[in-house]
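1. A predicted structure for the sequence below; I have some questions about it.
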Amino acid sequence: MALKHLAVAENVTGGLPPITGTSLVFVDDSVTIPNGLHLICPDDVDYQTRRQITVKCRQASIDAVSGSYGKDKKTMTMTIPMVLPNGRVVFNTLRLERELHPSLSAELAANINMIGAQLLTTTDVLNFWANGSLS
């Protein structure tokens, strides 16, 4: 699926690729994001707790003086609002960012993406994400 109809799985078991889970769909809500896209989960009917994703892309550019290319930059930020028992709304955030030089091959770029996914999900990092354990 394209970004404007992004589908991911939540409540996943079994690692990557997900073996089980519930499909979670995000759609473009036409909010203007410079060099990007804003997506919402239309299944979230309460605006206060609607999950959303902001996607941005800065393409690699060439320096006019030196003739060398700079890195591109791509970011995805997922915001998961939550209403606390006292009525206050807090915004839980997952931010993914990648900067690559344009001479990197597509194969190596895909490998970096897979490593990134594993840094969020493999059993080796679960204690770090759960409680900050560095061992």
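-> Yes, it's here.
2. helices of this protein, start to end?
-> Assigned helices in the chain, in chain order: 106-121, 123-131 (criterion: DSSP state H).
3. now do the shortest one: distance to the chain's middle.
-> From the chain centre to the centre of helix 123-131 is a distance of 18 Å (Cα atoms, centre = their mean, to the nearest Å).
4. I'd like to know which elements it is packed against.
-> Helices and strands in packing contact with helix 123-131 are listed as helix 106-121; criterion 3 or more Cβ pairs under 8 Å, 6 or more residues apart in numbering; DSSP states H and E. From N, CA and C alone the C-beta is placed, and that goes for glycine too.
5. list the buried residues of the helix it packs on.
-> With burial defined by 16 or more other Cβ atoms under 10 Å, not one residue of helix 106-121 is counted as buried.
6. so that it lines up with my notes, have the first residue be 116 from now on.
-> Yes, from this point I'll number from 116; that puts the last item at helix 221-236.
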